[in-house]
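> Just a sequence and a predicted model for now, questions to come.
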Amino acid sequence: MIAWQEPLVDGVYVLAILVFILGLRAMSSPATARRGILQAGVAMLIAILVTFVEPGLSNFALIALGIGIGGLAGWYWARVVQMTAMPQMVAVFNGMGGGAAGAIAAVELLGNLGDRSISGLALAGGVIGAVSIAGSVIAFLKLQGWLRSKPIVFPGQQPVNMAVLAIGLGFGVYALASLEALWLLPFFVLMLLFGLLLALPIGGADMPVIISLFNALTGIAVALDGFALVSGPLGDAGYAMVIAGTLVGAAGSLLTLLMARAMNRSIGSVLFGAFGATEESGVAIQGAMKPIDVDDAASLLAYAGTVVIAPGYGMAVAQAQQKVKELTDLLEAKGVSVKFAIHPVAGRMPGHMNVLLAEAGISYDKLFDRDEINPEFPATDVVLVIGANDVVNPAARRAGSPLQGMPILDVDGAHQVIVIKRGQGKGFAGVENDLFYKENTRMLYGDAQQVVGKLVQSLKKLE
């Protein structure tokens, strides 16, 4: 190594890690999230470029080709993917990260099978990386609608899953003990199969948690691979992977716990509970759903003093955020105070609703999380629920309900509630929504974008 190379590489890696940490910190607020993403991207670029200075590195043309193909593909998909499909893209890219970690682990295992310390870390990275990519594939298929979003279950599912995991780990351990690389093939195949089986019984209601979990697993796999690389010729790159992977793993793990807590669920129940596989039955709800027409709904909104809009994934699917922005502007022009109630799991991934609304030009200072907005509902004249279901369901307060204990938006406490919904179906959890039968609730049926557009036109007539 040339004398100046080692301090230069170490210094640049430290700089990249600091920028990466600052980027993660900025992502904690919607107002600074864009800056944080750019900072983290710059940090990754710095870390990649300085790797070319590492001694012992070869195949520069092949590496540059891979970076070029990957960079162009990432840039293209980031440009063309609609915001409503962002959860699917996150699942795909997260899966690619897990796949890359698994591939690095495979290379390290093949090259260092006789070194138990290195190969043991690589084996652990291979397990997590394979599970992450396979599980992310299932998450993508469910989010994209190519696989049913409800849990897919079969008799003896958990014993089968555990058997696949145990046998796969057995092959991996035997490969280390016997120093025969051939046994790594069934090891990786079974780990991929376990990842698929692990994700199948997870329903759409739990997708925010699962996306965060697989993101955390990818970070942990990268960190483990980094530990394995530290003893090799690319030791400095290994340290960078350890730190970056640990940060991603820690942030993803914390977010996973926070999302699970937002639904009052444990990680175990998310992974193994098959939540939403069966619908609640035998519950008699008092009252009936009461429809309202567009003109009457517009009048209620126009003459209200305060309006709170509670968006859900139905708004995202209908791509109604621009119309919601137009509705907000019209109401505020009439002197109506408008706020937005954002439940942590209202979309298909953490922060999805915030990004959608911000993309439409709705100011961040109008967005309030559950704990901030819940005390205000009793003094709110009208709540407009757009495409939300489980997160506004008072059944969470009902003993014996599958949703029991889940923190919700207490929209039923408002004077009037208008619910925009396609039909009378249940939410992802398969639980009848008590809110729809309340005396102060009116149902406005139809596609969210079309209905909000009609509300806008009706409001304009009232001018």
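Arrived safely.
> all strands in this protein, in order from the N-terminus.
Assigned by DSSP state E, the chain shows strands spanning 306-311, 337-342, 367-369, 382-386, 416-421, 441-445.
> Out of those strands, name the one with the poorest average pLDDT.
Mean pLDDT is lowest for strand 367-369 out of the strands of the chain, coming in at a mean of 92.
> Give the partner strands of that strand in its sheet and their orientations.
Take DSSP bridges as the rule and strand 367-369 pairs in its sheet with strand 337-342 (parallel).
> Buried residues of the partner strand, list them for me.
In terms of neighbour count (16 or more other CB atoms under 10 Å), strand 337-342 has its buried residues at 338, 339, 340, 341, 342. C-beta: built from backbone N, CA, C; applies to glycine.
> Between these, which sits nearest residue 454?
Nearest to residue 454 among the buried residues of strand 337-342: residue 338, at 18.2 Å, using CB to CB.
> could you list every residue that touches the closest residue to residue 50 other than its chain neighbours?
Once flanking residues are discounted, residue 50 sits nearest to residue 12: 4.2 Å by CB to CB, 6 or more residues apart in numbering. By CB atoms under 8 Å, 6 or more residues apart in numbering, the residues touching residue 12 are 46, 47, 50.
> Recalculate using a threshold of 10 Å.
46, 47, 49, 50, 51, 53, 236, 240 (CB atoms under 10 Å, 6 or more residues apart in numbering).
> same check, this time on residue 331
Counted by CB under 10 Å, 6+ apart, residue 331 has contacts 298, 301-302, 304, 307, 309, 337-338, 382, 384, 455-456, 459.
> Now tell me which helix or strand of this protein has the poorest mean pLDDT.
Of all helical and strand segments in the chain, the minimum by mean pLDDT, DSSP states H and E falls on helix 267-272, at a mean of 76.
> Which positions in that helix come out as buried?
Applying 16+ other CB under 10 Å to helix 267-272 flags 270, 271 as buried.
> Could you shift the numbering so residue one becomes 43, and keep it that way?
Fine by me, first position is 43 from now on; the one you just mentioned is helix 309-314.
> helices or strands next to it in the packing?
Contacts defined by 3 or more CB pairs under 10 Å, 6 or more residues apart in numbering; DSSP states H and E place helix 309-314 against helix 199-220, helix 226-241, helix 249-272, helix 277-304.
> Not counting it itself, show me its contacts.
177, 199-200, 203, 240-241, 243-245, 247-252, 255, 295, 298-299, 301-302, 305, 308, 317.
> so of the strands of the chain, which one's packed in deepest?
Each of the strands of the chain was scored by mean neighbour count; the highest is strand 424-428, a mean of 28, by mean count of other CB atoms under 10 Å.
> Tell me the neighbouring strands of that strand, and mark each as parallel or antiparallel.
Strand 424-428 is paired, per DSSP bridges, with strand 348-353 (parallel), strand 458-463 (parallel).
> Mind putting those strands into JSON lines with distance to residue 289?
Shown next, in JSON lines, are the strands paired with strand 424-428 (distance: least, CB to CB, whole Å):
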{"stretch": "strand 348-353", "distance to residue 289": "31"}
{"stretch": "strand 458-463", "distance to residue 289": "40"}
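> Is residue 213 in contact with residue 223, as I believe?
No - using CB atoms under 10 Å, residue 213 is not in contact with residue 223, being 11.5 Å away.
> Which of these two has more residues huddled nearby?
Between residue 213 and residue 223, counting by other CB atoms under 10 Å, residue 213 is the more crowded of the two (18 against 13).
> In contact with the residue lying closest to the more buried one once chain neighbours are set aside, which residues are there?
Closest residue to residue 213 apart from its sequence neighbours, by CB to CB, 6+ apart: residue 229 at 4.1 Å. Residues near residue 229 by CB under 10 Å, 6+ apart: 148, 151, 165, 168-169, 172, 209-218.
> Mind checking which of the residues you listed are buried?
148, 151, 165, 168, 169, 172, 210, 211, 213, 214, 217, 218.
> In JSON lines: those residues, plus distance to residue 291 and pLDDT.
Below are the buried ones among the contacts of residue 229 laid out as JSON lines (distance: CB to CB, whole Å; pLDDT from 0 to 100):
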{"residue": "148", "distance to residue 291": "20", "pLDDT": "92"}
{"residue": "151", "distance to residue 291": "21", "pLDDT": "90"}
{"residue": "165", "distance to residue 291": "17", "pLDDT": "93"}
{"residue": "168", "distance to residue 291": "16", "pLDDT": "93"}
{"residue": "169", "distance to residue 291": "14", "pLDDT": "94"}
{"residue": "172", "distance to residue 291": "16", "pLDDT": "95"}
{"residue": "210", "distance to residue 291": "22", "pLDDT": "96"}
{"residue": "211", "distance to residue 291": "20", "pLDDT": "96"}
{"residue": "213", "distance to residue 291": "25", "pLDDT": "96"}
{"residue": "214", "distance to residue 291": "21", "pLDDT": "94"}
{"residue": "217", "distance to residue 291": "25", "pLDDT": "93"}
{"residue": "218", "distance to residue 291": "24", "pLDDT": "91"}
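> Pick the one among those closest to residue 388.
Using CB to CB, the buried ones among the contacts of residue 229 come closest to residue 388 at residue 172, 31.7 Å.
> Could you check the pLDDT of the residue nearest to that closest one when sequence neighbours are not counted?
Of all residues not flanking residue 172 in the chain, residue 233 sits nearest, at 3.7 Å (CB to CB, 6+ apart). pLDDT, residue 233: 96.
> Just confirm residue 233 contacts residue 214, I think it does.
Yes - contact criterion CB under 10 Å: residue 233 and residue 214 qualify, at 8.0 Å.
> okay, and the common contacts of the two?
Residues touching both residue 233 and residue 214 by CB under 10 Å, 6+ apart: 165, 168, 169.
> In contact with the spatially closest residue to the last one that is not a sequence neighbour, which residues are there?
Just to be clear, that refers to residue 169. Among residues not flanking residue 169 along the chain, residue 233 sits closest, at 5.5 Å (CB to CB, 6+ apart). Taking CB under 10 Å, 6+ apart, we find residue 233 in contact with 144, 165, 168-176, 206-207, 210-211, 213-214.
> Is residue 94 in contact with residue 101, as I believe?
No - with contacts counted by CB under 10 Å, residue 94 stays clear of residue 101, the gap being 11.1 Å.
> between these two, who's got more neighbours?
residue 94 (12 against 9).
> what's around residue 228, how many residues?
16.
> how close does the nearest residue to it once chain neighbours are set aside get to residue 486?
Using CB to CB, 6+ apart and skipping the chain neighbours, the partner closest in space to residue 228 is residue 213 (4.7 Å). From residue 213 across to residue 486, the span is 57 Å (CB to CB, to the nearest Å).
> got it, and residue 335?
8 Å.
> what touches both of the two?
residue 496.
> I figured residue 498 was touching residue 375, is that so?
No - using CB under 10 Å, residue 498 makes no contact with residue 375, being 11.7 Å away.
> Cool, thanks, signing off.
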